[in-house]
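Student: Any chance you could fold what I've pasted below:
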Amino acid sequence: MKRLLMPLLLGALIGLLALATLAAVTIAASGVLATRAGAWTLRVTVAPHAAFDVNVPGLARLATTPLGLRALDGQVRSTPIGRLHFRRAGDTLVVRCAPCMLDDRRLHTQVVTIDAIDLRLTARDGALMEGWLASGGVQVPFTARLASDRIDIDWSLAPTDIAALYRVLRHAIPEAAVATVEGRIEAKGSLRLPAATARTQVALDDFAVEGLGTERLRYGAFGFRCHGAPRALVTGDGQPNWIAADRLGALLPAAVLAAEDQRFADHPGFDAQEIAHALARLPAEGPARGASTITQQVTRTFFTGGERTAVRKLRELLYAVEMERTLGKARIFELYLNTVDWGPGICGARAAARIYFNKRPARLSALEAAWLAGILRNPHAAYRREFVARAPDAQRATAVLMQMRSVPRRARRHAAQQALVFAPAPPMSAATLRLGSGKARFASR
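Tutor: Got it, this is the predicted structure:
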């Protein structure tokens, strides 16, 4: 019996040592222990007083090795984003998150629930991986190159129904349940992690929306919230604070288009180039100014509010596309000029021209119109730093002036030589000082 047991035990011990050696070699080869300075690492806690650093790209590589695939197959883990279900499909790791909760203030001010997200990941030669990310009817294939300090991802989205994208985010975008959305989207780009730097190209074809009720803004009076006003205001045709398009003059509209949306006459309510540019540089606090057209800014005033998130941008797109059809360019621009925030409690062109220059909009000079248009990116800071301080930024105003192509070049040059003279500034209360603090939230459009 002893003669029989000894070879079996010896064989089992050799097998265990071989497995341990294989595991050690696999772990070492994956790079999961590469935690030198500059590497992308994650702190992992294995016991109340036991934690160590692991290399994130190495951990991804380890998970797709035969050893990792066997270890993860059938596992279920609860994580902050939801329950993750792991399974092995040949040499591919499949991870399903259902439901999935995304808590990122760049995405939304609240946790976004997505019914299910599926990830497939397959290791290829060297540090190359392939896979796809899918949810609902949206599937995004990608390739990823792993280094110790980063993961470089190239991805693409084949022509896909735009409605499918909105269905994925239906819990965060209530309009997705009531709007009829048509059209196709195609996109591709790259992403470097953990730096989150990206390049994106987006193409949208035959994008159309109906069912959101934007036609109510065609005529009549309506309420809106102007930043700094003590209460919601009523404006529209026939109201004292409303000024019709034919009484605005030519200079202020030309200056606003030059400063805010030079492609306004040509785009369908959104600017795909600006959207791609904004997606490629999402800061920690949310989308910055740059992707909003004048049409989208009107949707923010009347429908979506001003939170700086990707969900708000997606809601804006729906309203903007429908408004282009129901209202048309002329009405949209008229709405914008009569409601845009021009400083603390200064709502629309009539109030702005009167407070800053004590004039009617049609009586503004070219340089005055250019200055007003130039402060729209941060009107509250300009109110305090320039208007109250009697120190207008002539350089910025001149830059806008030079973009006003409807004004002859000689007239622009002559206007640039004129002095900017403000109307007397009203006394500033403590609340107005706070409103004019120039914080970044006023710069988002």
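
Student: Which residue lies closest in space to Leu102, excluding its sequence neighbours?
Tutor: Val112 (4.5 Å; Cβ to Cβ, 6 or more residues apart in numbering). Glycine gets a C-beta too; all of them are placed from N, C-alpha and C.

Student: Same question for Glu210.
Tutor: Thr180 (5.1 Å).

Student: re the thing from before, for the residue nearest to Leu102, list the residues it contacts.
Tutor: Listed by Cβ atoms under 8 Å, 6 or more residues apart in numbering, the contact set of Val112 reads Met101, Leu102, Asp103, Asp104, Leu169, His171, Ala172, Val311.

Student: Angles on the backbone of it, please.
Tutor: As for Val112, its main-chain torsions (degrees, to the nearest 10) stand at phi -100, psi 120.

Student: Please shift the residue numbers so they start at 704 in all later answers.
Tutor: Sure, I'll start counting at 704 from here, so that last one is Val815.

Student: what's the pLDDT at it?
Tutor: pLDDT recorded at Val815 is 93.

Student: and the gap between it and Thr1004?
Tutor: Distance, Val815 to Thr1004, by Cβ to Cβ, to the nearest Å: 24 Å.

Student: Equivalent analysis for Ser838, please.
Tutor: 32 Å.

Student: Equivalent analysis for Trp835, please.
Tutor: With Cβ to Cβ as the criterion, Trp835 and Thr1004 are 39 Å apart.

Student: Please apply the same query to Val1091.
Tutor: Taking Cβ to Cβ, one finds Val1091 at 25 Å from Thr1004.

Student: Any stretches of this structure with poor pLDDT?
Tutor: Within the chain, the segments meeting pLDDT under 70 span 704-738, 749-753, 931-933, 979-994, 1131-1148.

Student: so what are the domain limits for it?
Tutor: Here the domain parsing of the chain from automatic domain parsing is 753-913, 917-1146.

Student: quick one, strands of the stretch 704-853 of the chain?
Tutor: Along the stretch 704-853 of the chain, counting by DSSP state E, counting those that start in this stretch, strands occupy 744-750, 753-758, 779-782, 785-792, 795-800, 803-805, 815-817, 820-826, 831-838, 841-850, 853-864.

Student: isn't Pro783 right next to Asp806, touching?
Tutor: Yes. Pro783 is in contact with Asp806 according to Cβ atoms under 8 Å; the separation is 7.2 Å.

Student: Who has more neighbours out of those two?
Tutor: Counted by other Cβ atoms under 10 Å, Pro783 and Asp806 do not tie: Asp806 has more neighbours, with 11 against 7.

Student: Now for Arg739, how many residues are close by?
Tutor: Arg739 has 10 neighbours, counted by other Cβ under 10 Å.

Student: in the stretch 1004-1148 of the chain, which spans are helices?
Tutor: For the stretch 1004-1148 of the chain, the helices defined by DSSP state H, counting those that start in this stretch cover 1013-1029, 1031-1042, 1052-1060, 1069-1077, 1082-1085, 1097-1105, 1112-1119, 1133-1138.

Student: Could you dump those into CSV with distance to Arg799 added?
Tutor: Shown next, in CSV, are the helices of the stretch 1004-1148 of the chain (distance: least, Cβ to Cβ, whole Å):
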stretch, distance to Arg799
helix 1013-1029, 23
helix 1031-1042, 43
helix 1052-1060, 53
helix 1069-1077, 51
helix 1082-1085, 47
helix 1097-1105, 52
helix 1112-1119, 60
helix 1133-1138, 48
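
Student: Out of those helices, which one sits most buried?
Tutor: Greatest average neighbour count among these goes to helix 1069-1077 (a mean of 27), per mean count of other Cβ atoms under 10 Å.

Student: What angle do helix 1052-1060 and that one make with each other?
Tutor: Between the axes of helix 1069-1077 and helix 1052-1060, defined by axes from the mean of the first three to the mean of the last three Cα atoms, to 10 degrees, the angle is 110 degrees.
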